[in-house]
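[1] No sequence on hand, only this structure:
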């Protein structure tokens with residue numbers, strides 16, 4: 001997957017996560033949350049042994065779930 005596609009997925013996943021958890025985040029905040037969320041989601045899928053084909057929708061769903069989880073944990077840590 002090309003870097004441009006990773007950025008697009010990161011932006012979408014970060015924006016969705018910010019919207020779901022009603023938090024603030026600009027362009028770069030959404031990008032960072034989405035990209036780290038993609039790593040978290042990918043690791044979670046690996047641990048749970050989920051069969052992911054690697055398509056755009058699969059990657060977007062994993063990144064979004066990972067971004068939501070990341071923001072949720074971040075909120076719990078920060079209070």
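    Here it is on my side, so go on. Predicted, not measured: the structure shown is a model, and the values here were computed from it.
[2] contacting residues around the longest helix along the chain?
    When the chain is parsed with DSSP state H, its longest helix is helix 56-78. With contacts defined as Cβ atoms under 8 Å, 6 or more residues apart in numbering, helix 56-78 is touched by 1, 5, 9-10, 12-14, 16-18, 20-21, 23, 33-45, 52. For the C-beta atoms, the positions are set from N, CA and C on the backbone; glycine is no exception.
[3] Return a selection command, for use in ChimeraX, containing the buried ones of those residues.
    In ChimeraX syntax, the buried subset of the contacts of helix 56-78 is picked out as below (16 or more other Cβ atoms under 10 Å):
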select :9,10,12,13,14,16,17,18,21,33,34,35,36,37,38,40,41,42,45
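[4] taking the contacts of helix 56-78 one by one, which sit in helices?
    Under the assignment DSSP H, the contacts of helix 56-78 contribute 5, 9-10, 12-14, 16-18, 20, 33-45 to helices.
[5] Flag the shaky bits of the chain, pLDDT-wise.
    Counting by pLDDT under 70, the ranges of the chain that qualify are 1.
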